[in-house]
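J.: give me coordinates for this.
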Amino acid sequence: MTGDDHNARGYASPPCLAHEIDPAYFDPLATDAAQTRDVVRWRKAERVRLLAERAALPVAVRQDAAARIMPHLETVIRARFGRIEGLTISAWWPIKAELNLRHWLVDLVGRGATVALPVVLTAGTPLVFRRWTPDCPIVQGIWKIPVPAEGPEVVPDVTLAPVVGWDTAGFRLGYGGGYFDRTLAALTPRPFAIGIGLQAAQVQTIFPLPHDIAMDVIVTEAGPHAP
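T.: Residues are numbered from 1 along each chain as shown. This is a model prediction of the structure:
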């Protein structure tokens, strides 16, 4: 987009009104404070829209999507590691109409994988991961999200993260707290990161900022989407 194009189309000061911007014009490495504020506002509105659309789906539709995602996950993980057995895989306890993969997690434990759930120990710090089994004690963590009450902390080989929205560059739109990106940045070696969500939650771009970390692959009911 040229300066003339910008003026002709009547955009606000770049990149105000992020939903109007040509993604090719947006600079993800920019540090302009106004740009960042506009992206944050756009993400907040987009998050509200996508969460409302997901919550409005019948339970049966979400269950069908989860069932279709599970074999795709198996394919992606086996393609990367050649196995499921012996891997440590972190997932999530579903909230806010998130896709429920717990039946698959139970199956993973039965096949010799270690399953972990993320735990917030201190607000604003990277997540830790505690081992989960179907019969382990569960308590309410921060924001009343169920977490394992006790048990060893583990480092995942694979991290599964629910997405509110996603784009074809592999970036995920989450809930806005930045916990997952902060955690991936802190883990060494970095785990294989898989974002999981609905095909309908795809957006053209989330307008990534410097702190955003792309997933290695996004998996939806339609299949895997590698950047």
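J.: surely residue 98 touches residue 162?
T.: Yes: contact criterion Cβ atoms under 8 Å: residue 98 and residue 162 qualify, at 4.7 Å. Glycine gets a C-beta too; all of them are placed from N, C-alpha and C.
J.: what touches both of the two?
T.: By Cβ atoms under 8 Å, 6 or more residues apart in numbering, residue 98 and residue 162 have these common neighbours: residue 92.
J.: tell me where the protein has helices.
T.: 3-9, 33-56, 59-81, 102-110, 179-186 (DSSP state H).
J.: show me what the third one is packed against.
T.: If I follow you right, that is helix 59-81. strand 158-162, strand 192-196, strand 217-220, strand 223-225 (3 or more Cβ pairs under 8 Å, 6 or more residues apart in numbering; DSSP states H and E).
J.: need those in a markdown table with distance to residue 203 and mean pLDDT, can you?
T.: Converted to a markdown table, the helices and strands packed on helix 59-81 look like this (distance: least, Cβ to Cβ, whole Å; pLDDT from 0 to 100):
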| stretch | distance to residue 203 | mean pLDDT |
| --- | --- | --- |
| strand 158-162 | 15 | 97 |
| strand 192-196 | 13 | 98 |
| strand 217-220 | 12 | 98 |
| strand 223-225 | 13 | 98 |
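J.: tabulate these (a markdown table), appending distance to residue 56 and mean neighbour count.
T.: Listed next are the helices and strands packed on helix 59-81 as a markdown table, based on distance: least, Cβ to Cβ, whole Å; neighbours: other Cβ atoms under 10 Å:
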| stretch | distance to residue 56 | mean neighbour count |
| --- | --- | --- |
| strand 158-162 | 17 | 23 |
| strand 192-196 | 19 | 24 |
| strand 217-220 | 18 | 24 |
| strand 223-225 | 23 | 16 |
